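Structure here, sequence nowhere to be found:
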């Protein structure tokens with residue numbers, strides 16, 4: 001969703017030559033992908049050049065791991081995927097880290113969701129497990145939205161009874177998640193993280209889970225510093241991730257808080273901002 005705000009210059013001048021970047025991390029929706037959810041022109045060529053230089057490219061998204069792996073299937077060997085807003089991190093099909101919810105949390109969230117729907121709010125829940133996502137709503141409009149982000153999903157009678165490690169509960173509000181659904185989940189903010197991840201999406205996760213925590217763990221494992229890390233984001237679920245990189249970029253279409261938090265500003269997602277910035281700074 002685009003926002004209106006005054007353009008902000010980069011926090012520092014562009015370097016005279018290529019910078020020492022070892023890790024490029026990017027959000028997907030509203031950041032790497034355009035508003036039609038399409039990958040930018042030149043992505044695969046850029047990824048090949050990054051790989052030749054020994055630079056790791058990592059998608060970091062609220063999307064499901066299976067969805068991300070399918071999008072990058074032809075180049076996925078060796079890639080790290082920060083999925084489900086940092087609650088599930090995978091490389092070559094092997095789990096690097098996860099942050100499952102405690103038993104009982106899903107039932108409490110679903111109680112809140114059912115309260116919203118009884119008040120007339122058009123909202124549906126996606127219970128996100130490691131193996132699949134699970135939903136109770138089966139209407140075409142809701143499943144179309146779920147299918148965009150959760151390649152593996154199942155309609156079940158009771159999402160609180162599924163046998164899986166649950167890492168997140170995502171709620172889709174056909175109105176405004178920030179104005180309606182998120183405030184209704186405020187009681188969970190005392191014990192969990194409630195984050196608005198898009199115009200229509202809000203996620204409930206463990207307080208310890210976010211893209212930034214997952215990124216910092218990956219940096220430690222790989223021996224890569226924040227100064228060697230480039231990050232791109234557009235929405236509130238990207239804030240902690242931006243804090244983990246010296247080269248942090250808000251997209252020109254980003255939420256105002258993301259623009260304030262990032263050190264630099266990149267062109268919009270519809271202007272191929274991620275690849276243009278990577279090419280300029282790394283002299284690709």
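That came through, no problem. Model, not experiment: these values are computed from the prediction.

all helices for the stretch 51-200 of the chain, in order.
For the stretch 51-200 of the chain, the helices defined by DSSP state H, counting those that start in this stretch occupy 65-71, 105-118, 140-149, 182-184.

any idea of the mean pLDDT in the third one?
Mean pLDDT, helix 140-149: 95.

can you list contacts of that helix?
29, 37, 62-64, 67, 124, 126, 133, 135, 137, 153, 155, 170, 172, 174, 200 (CB atoms under 8 Å, 6 or more residues apart in numbering). Every residue, glycine included, has its C-beta placed from N, CA and C.

Please identify which helix or strand holds residue 205.
strand 201-206 (DSSP states H and E).

Okay, now the sheet partners of that strand, with direction.
Partner strands and pairing direction for strand 201-206 (DSSP bridges) are strand 166-173 (antiparallel), strand 192-196 (antiparallel).

Identify the residues contacting that strand?
So strand 201-206 is contacted by 62, 85-87, 99-101, 105, 109, 167-173, 177-178, 181-182, 185, 188, 192-197, 237 (CB under 8 Å, 6+ apart).

list the contacts for the most centrally placed residue in the chain?
Centroid-nearest residue in the chain, with CA atoms, centre = their mean: residue 61, separated by 2.3 Å. Going by CB under 8 Å, 6+ apart, residue 61 touches 27, 28, 29, 68, 82, 83, 85.

I'd like these laid out as a markdown table, including pLDDT and neighbour count.
Listed next are these as a markdown table, based on pLDDT from 0 to 100; neighbours: other CB atoms under 10 Å:
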| residue | pLDDT | neighbour count |
| --- | --- | --- |
| 27 | 97 | 31 |
| 28 | 97 | 22 |
| 29 | 95 | 20 |
| 68 | 96 | 24 |
| 82 | 97 | 30 |
| 83 | 96 | 28 |
| 85 | 92 | 30 |
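
Quick check: the farthest pair among the residues you listed?
Spanning the widest gap among the contacts of residue 61 are 29 and 82, at 13.9 Å by CB to CB.

can I get the contacts of residue 61 in JSON lines with distance to residue 210?
As requested, the contacts of residue 61 are arranged in JSON lines below (distance: CB to CB, whole Å):
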{"residue": "27", "distance to residue 210": "12"}
{"residue": "28", "distance to residue 210": "16"}
{"residue": "29", "distance to residue 210": "17"}
{"residue": "68", "distance to residue 210": "17"}
{"residue": "82", "distance to residue 210": "10"}
{"residue": "83", "distance to residue 210": "13"}
{"residue": "85", "distance to residue 210": "7"}
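
so of those, which ones are in strands?
Cross-referencing the contacts of residue 61 against strands under DSSP state E gives 82, 83.

quick revisit: ok, then the element right after the strand holding residue 205?
Criterion used, DSSP H and E; the element after strand 201-206 is helix 211-222.
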